[in-house]
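Undergrad: Okay, predicted coordinates and the sequence, questions at the end:
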Amino acid sequence: MISPEDGPVRIDVLQRLAEQAMSDPQFRDEARDDLPATLVKYGYYLTPQELALVVRFRRSLADAGVDLDLVNGMNDELIADVLERLQRRVRSEGRT
C-alpha cells in the first residue's frame, strides 16, 4: 500500500535506473547480488515506495522470462516499450 507520506514517485529517477539496468552489465551483476547496496553505490537513494516498485518490476521481468542481459540485442523501440511499461506500473501503483 502506498502512503501519502512517501511523497511522489520520481519517474525520472526510476527511468534513469531502468536505463542503467538495461545498459550496464556490471550494475546488473552487482544489483543481482545486493540491490540496496548497489543502488546506493550508484547514487540511487530511493524512497521505500520507489524501492518496492523496483523490486516488483524486477520480479515481473523475471516472471515474464525477461533477461536484461539480452537487452543489448534489443532495438530502441523495444527498450522504449520496456521503459513505458515501467512508467505505467509506477502510475498504476501510485493510484492504489
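TA: That came in fine, so what should we check first?

Undergrad: List phi and psi for residue 46.
TA: Listed backbone geometry of residue 46 is phi -90, psi 150, with angles given as degrees, to the nearest 10.

Undergrad: so where's this protein uncertain?
TA: Applying pLDDT under 70 to the chain flags residues 1-6, 64-83, 86-87, 89-91, 93-96.

Undergrad: so where do the helices sit in it?
TA: For the chain, applying DSSP state H gives helices covering 11-23, 25-33, 35-41, 48-63, 76-94.

Undergrad: Export these to a markdown table and append columns for mean neighbour count.
TA: Any C-beta I mention is one placed from the backbone N, CA and C, and that applies to glycine too. Output for the helices of the chain, formatted as a markdown table (neighbours: other CB atoms under 10 Å):
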| stretch | mean neighbour count |
| --- | --- |
| helix 11-23 | 16 |
| helix 25-33 | 14 |
| helix 35-41 | 14 |
| helix 48-63 | 15 |
| helix 76-94 | 14 |
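
Undergrad: For residue 46, grab the count of nearby residues.
TA: Neighbourhood size, residue 46 [other CB atoms under 10 Å]: 19.
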